[in-house]
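In: sequence and predicted structure are below.
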Amino acid sequence: MACSNCNTQNCGCSGTYTVSQTCPPACSEVFNTACIVYTGVDITCPDNTTGITSTVVSRNDYLDTALTKIINYFCGRFNSLVIPTTVVQSDDPGIVVVEQILGSVTTYLLSLDPAELPSASQVTGGVNVTVTGDGTPTTDPYVVNAQGSIVAVAPGTALSVIADADTPGPFDTTYTIDIDYDLLPDVSLITSEGYISITEQPGVPNAGDTQYTLDVDQVTVTAADVRLTSTETAAGGAPNFLRTFDVAIDETEMTHWIMESVIYAPGNVGPGLIEGPGISLNWNSLTYQLEIENLFSDPNRWFTLADFLGTTVIPTADNAILSILADPATVALGGSGIDAVLSGTGTAAQYDLLNTDPGTAQLIFGSVEVLGQPTIVPDSNTEVLTFIEGANIGLVTNNGVGAKSITIINEIDFVFSSVAGDTGVVSALNTVDQVQFVGGESITTTAAGGGPATVTIDWDGVVTDATLTGDGTAASPLTVVPALAVSLASAGGTSLVSNGVGPSLEILGLTAGTGIGFTVSASDVTINAEVQRESSTVIGPFTPGTAITNVPHGLGEKFVSIRLFDETTNLGEDVTDKFTITCAAVNDLSLESISFTGSVRILAIG
C-alpha cells in the first residue's frame, strides 16, 4: 500500500517512513524504495573476457537492494584492478629507476649511476698520479697531476702523454695527456620495454660526446560513454615519465541511465519495472522520474480467518459473510455458556462475547492432589474422576438429591497393633506384615487355614535313658532319675569311677588304636597321641637342581611325615612345597629344590 500524502507514516511497510524534504512538485505520492519490489526476470550481464555471466538484479529484489547491487556492479568494473598499468624497469645497471607511489598515481624517476658506467669511461690515478673530478666535461672534468718527474701511460690504453719541450725550468715538465676516443669502448642504451624509446645524439653536448634521450610513450584515456568521465591528473614527461588519468562515473548520466534503462523501460519493453494489475507507471523523460499510480479499487472485506489450532478460511466471494455463532444456554442444560452480541455501525462494528455460565456457584476443584503422588488434572469439563477400591477398602456412593457422597469403609475388622512376648514388643511394618510363631527347644508350631485360622504349639518331650519327676513348676521342678548305668572300660578292663555326681563310668569297650594310648585315674580318662617328633636338624644351603642325600631324621623309621621351614631369609616360613622329598631308608632322607638356595629346618613326625 503506498503513501497517500508526503510525510504520512505507516506507508504499508514495517516501521515508519517519513519524507524529510519537500515533495517534488510533479509527485503526488512518495514511495519508500524498501516497499517497491522488482518482479521482472533476473537482470544479468555477461563478461566478454571471462565468459562468465553475473546476475546484477534478481527477481523479487526490493528497489533499494536493486540500486545498491547496480552501483556495486559498476564500481566493481571501473576500478584500478582492471585498468592497464605501466611498469618501468631497467636492465642496464647504469640506469636507475626509482618508483614513487602517491595515492593511485605511480611516478618513475630515471637517472644514470656513474659508478656503473664502463671502466673505459673512467680515469683513475696510477703510481705517482693523482686524478680528481668525476669526468663531467662541463662541470667537473678529470684533472691528472703527476707526483713525480715521470708521467707514463700503460701501453694499449686510450691515453697518450706528450712532454712539452718548452716547459719552464729544468725541473718542471709539462705533459699533454690526450684521450684517443677511437680506443674507448662504445656506450649504448637499450630497453626491453616497448613504451620506452631511446634517442642517440652524437656530439652533444660537446664534440666526441654522445647524449641519449629516453622518452615514455604518452597514453590518452578518453571516455566514449557519457556515463563515464576521464580527467588527466598528471601530464607525464621528465622526471616522472608517467601520465595519469582519473576515470569516474558521471553520477547524473548514470542515474538517468539506470532510471531509463534499468528501472523503467518505456513501453514495458526490456528489463525494468512493468505495470501490474491496478498499477500505472507514468514516466517523465525530462526529469527522469517515474510515478507509480495505484488504479486498483480494493473492496472492504476480510482476507483470511484462522483459529488457534491453525484452521484457516479464505472467502471466495466479494459478499462473503462472517458469522459468529454462540449458545447462551448453560453447560448443564447442553449449551456452551457463551453469548455473542453484534453492535455498532457500518464503519465501526463489534462482537461482544459474554459468558452466560460463569460457574460461580459450582465450587469445583481444578485438580486433585495426593502427597507424594502425581497431580490429577482434568482434560475437559466432562471428564470423570473414578475412585477405585484398594485391598480391604470399600467405597459406597450416594447419588441422592441434594446429598451426593462417597463413603470409604475399612474392611479389616479386628487387628492388633503389636505383639508382645516374655521379652520384647514387635509392631507391624505394614498391613501385610506377618506374625510368625517359631518353636523353641523341643517345641513345634503348626499353622492351619480356614475359619478360624489356628496355630498349634506342641511339646516334643525329652528323649533320654532317664525318667522325669515333677510337673515343671517352681513348686515341683523336673528331676532326672537315671534308668540305665553308663559304663566305660579300657581295653585292659580297668574300671573308672567319675567324680561321684553321675553314674559309675568304666573304660570298658574302649580300645586304643595305633598311636593312641589311655591314662586312667580315679576321676579321668586321658587319651594320648603316641607319636614321635624331631625338629633339631638344620641342613643347607641348597644348590638349585642338586639333591642333598643321607639326611638323618632320628625317628628310627623309613616312612615319616616331613615339613621344611626356612632358616635363612624368612625364618619359620614353610617352604615344603618348594622341595622334592624322598624317604630313601631308615633315618635317611633325600632333599632337592629347583629354586630354594638357603638352609632349612627339618620337622619329622612318625
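Out: Structure received.
In: report the contact partners of the closest residue to M254 other than its chain neighbours.
Out: What sits nearest to M254 in space, not counting adjacent residues and going by C-beta to C-beta, 6 or more residues apart in numbering, is R227, at 4.8 Å. Yep, even glycine has a C-beta here, placed from its N, CA and C like the rest. R227 is in contact with 249-250, 253-254, 257, counting by C-beta atoms under 8 Å, 6 or more residues apart in numbering.
In: adding distance to V98, write the residues you listed out as JSON lines.
Out: As requested, those are exported to JSON lines (distance: C-beta to C-beta, whole Å):
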{"residue": "I249", "distance to V98": "33"}
{"residue": "D250", "distance to V98": "36"}
{"residue": "E253", "distance to V98": "40"}
{"residue": "M254", "distance to V98": "39"}
{"residue": "W257", "distance to V98": "43"}
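In: so what pLDDT did the residue nearest to M254 get?
Out: R227 carries a pLDDT value of 84.
In: ok, F74 next?
Out: pLDDT, read off for F74, is 76.
In: please apply the same query to T382.
Out: Per-residue confidence (pLDDT) for T382: 76.
In: ok, now the one 3 residues further on?
Out: With respect to pLDDT, L385 has a value of 85.
In: since we're on it, how many residues are nearby?
Out: If you count neighbours by other C-beta atoms under 10 Å, L385 ends up with 8.
In: do you know how far it is from G337?
Out: 21 Å (C-beta to C-beta, to the nearest Å).
In: what sits against T124?
Out: V131.
In: ok so it is a helix residue?
Out: No: in this structure, T124 is coil, not part of a helix, as judged by DSSP: H, G, I helix; E, B strand; the rest coil.
In: is E200 bridged to anything, and to what?
Out: Listed beta-bridge partners, E200: Y212 (assigned using DSSP bridges).
In: wouldn't it be in contact with Y212 here?
Out: Yes: in this structure E200 lies within contact range of Y212 using C-beta atoms under 8 Å: 5.7 Å.
In: who touches both of those two?
Out: Listed as contacting both E200 and Y212 by C-beta under 8 Å, 6+ apart are L189.
In: ok so, going back, do you know how far the residue nearest to M254 is from T213?
Out: Counting by C-beta to C-beta - R227 and T213 are separated by 40 Å.
In: what does A547 give?
Out: Distance of A547 to T213, computed by C-beta to C-beta: 120 Å.
In: and what of K69?
Out: Going from K69 to T213 by C-beta to C-beta gives 51 Å.
In: repeat for L309
Out: Counting by C-beta to C-beta, the gap between L309 and T213 amounts to 92 Å.
In: where does the stretch 1-150 of the chain dip in pLDDT?
Out: Applying pLDDT under 70 to the stretch 1-150 of the chain picks out residues 1-28, 48-50, 77-85, 103-104, 114-115, 117-122, 125-129, 135-138, 146-150.
In: look at I71 and tell me its secondary structure.
Out: Under three-state DSSP, I71 comes out as helix.
In: give me the neighbour count for it.
Out: I71, neighbours per other C-beta under 10 Å, totals 14.
In: same check, this time on the one 3 residues further on
Out: Summarising burial for F74: neighbours were counted as other C-beta under 10 Å, giving 17.
In: so what does it have for phi and psi?
Out: Backbone torsions for F74, taken as degrees, to the nearest 10, come to phi -70, psi -40.
In: give the contact list for it.
Out: The contact partners of F74, taken as C-beta under 8 Å, 6+ apart, are 249, 254.
In: what of D352?
Out: When contacts are taken as C-beta under 8 Å, 6+ apart, D352 is in contact with 340-343.
In: what about it, which helix or strand?
Out: Assigned by DSSP states H and E, D352 belongs to strand 349-355.
In: so after that strand, what's the next helix or strand?
Out: Counting by DSSP H and E, the next helix or strand C-terminal to strand 349-355 is strand 393-400.
In: I'd like the average pLDDT over that next one.
Out: Averaged across strand 393-400, the pLDDT comes to 84.
In: remind me what the very next helix or strand once past it packs against, helices and strands.
Out: Heading C-terminal from strand 393-400, the first helix or strand you meet, by DSSP H and E, is strand 403-410. The contact analysis (3 or more C-beta pairs under 8 Å, 6 or more residues apart in numbering; DSSP states H and E) places strand 403-410 against strand 393-400.
In: okay, angle between the strand it packs on and strand 403-410 too, please.
Out: 170 degrees (axes from the mean of the first three to the mean of the last three C-alpha atoms, to 10 degrees).
In: the chain should start at 12 in everything you say after this.
Out: All set: I'll call the first residue 12, so the last point we hit is now strand 404-411.
In: can you list contacts of strand 404-411?
Out: Residues outside strand 404-411 that contact it (C-beta under 8 Å, 6+ apart) are 398-400, 415-422.
In: let's see that with 10 Å instead.
Out: 398-400, 415-423 (C-beta atoms under 10 Å, 6 or more residues apart in numbering).
In: which residue, other than its chain neighbours, is closest to G219?
Out: Here the nearest residue to G219 in space, its sequence neighbours aside, is Y192; by C-beta to C-beta, 6+ apart that works out to 5.2 Å.
In: you'd agree that neighbour is up against L170?
Out: No: in this structure, Y192 is not within contact of L170 by C-beta atoms under 10 Å, at 11.1 Å.
In: ok, those two, which is more surrounded?
Out: Counting neighbours by other C-beta under 10 Å for Y192 and for L170 shows that L170 has the greater number, 14 against 10.
In: so who does the more buried one touch?
Out: Residues near L170 by C-beta under 10 Å, 6+ apart: 134, 155, 163-164, 188-191, 194.
In: likewise for I550?
Out: Neighbour list for I550: 559, 562-563, 575, 578, 600, 602, 610-613 [criterion: C-beta under 10 Å, 6+ apart].
In: repeat that with 8 Å
Out: 559, 562, 602, 610-611, 613 are the contacts of I550 under C-beta under 8 Å, 6+ apart.
In: so which of those residues comes closest to L364?
Out: When these are ranked by distance to L364 (C-beta to C-beta), V611 comes first, at 108.7 Å.
In: what bridges to that closest one?
Out: Listed by DSSP bridges, the beta-bridge partners for V611 are I550, D577.
In: residues touching it, list them.
Out: Neighbouring residues of V611 by C-beta under 8 Å, 6+ apart: 549-551, 553, 575-578, 586, 590, 602.
In: got it, and S601?
Out: Going by C-beta under 8 Å, 6+ apart, S601 touches 558-562, 592-593, 595.
In: could I have the buried ones of those as ChimeraX selection syntax?
Out: In ChimeraX syntax, the buried subset of these is picked out as below (16 or more other C-beta atoms under 10 Å):
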select :559,562
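In: can I get the contacts of S601 in JSON lines including secondary structure and distance to I325?
Out: Putting the contacts of S601 into JSON lines (DSSP: H, G, I helix; E, B strand; the rest coil; distance: C-beta to C-beta, whole Å) gives the following:
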{"residue": "A558", "secondary structure": "coil", "distance to I325": "112"}
{"residue": "I559", "secondary structure": "strand", "distance to I325": "114"}
{"residue": "T560", "secondary structure": "strand", "distance to I325": "117"}
{"residue": "N561", "secondary structure": "strand", "distance to I325": "121"}
{"residue": "V562", "secondary structure": "strand", "distance to I325": "116"}
{"residue": "I592", "secondary structure": "strand", "distance to I325": "108"}
{"residue": "T593", "secondary structure": "strand", "distance to I325": "112"}
{"residue": "A595", "secondary structure": "strand", "distance to I325": "117"}
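In: among the contacts of S601, which two are most distant?
Out: Once C-beta to C-beta is applied, the contacts of S601 give N561 and I592 as the farthest pair, at 13.7 Å.
In: picking that back up, in a markdown table, list the contacts of S601 along with distance to T455.
Out: Output for the contacts of S601, formatted as a markdown table (distance: C-beta to C-beta, whole Å):
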| residue | distance to T455 |
| --- | --- |
| A558 | 66 |
| I559 | 67 |
| T560 | 68 |
| N561 | 69 |
| V562 | 64 |
| I592 | 57 |
| T593 | 61 |
| A595 | 64 |
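In: any regions of the stretch 312-461 of the chain where pLDDT drops low?
Out: Applying pLDDT under 70 to the stretch 312-461 of the chain flags the ranges 312-314, 329, 339-347, 368-375, 413, 424-428, 442-443, 452, 460-461.
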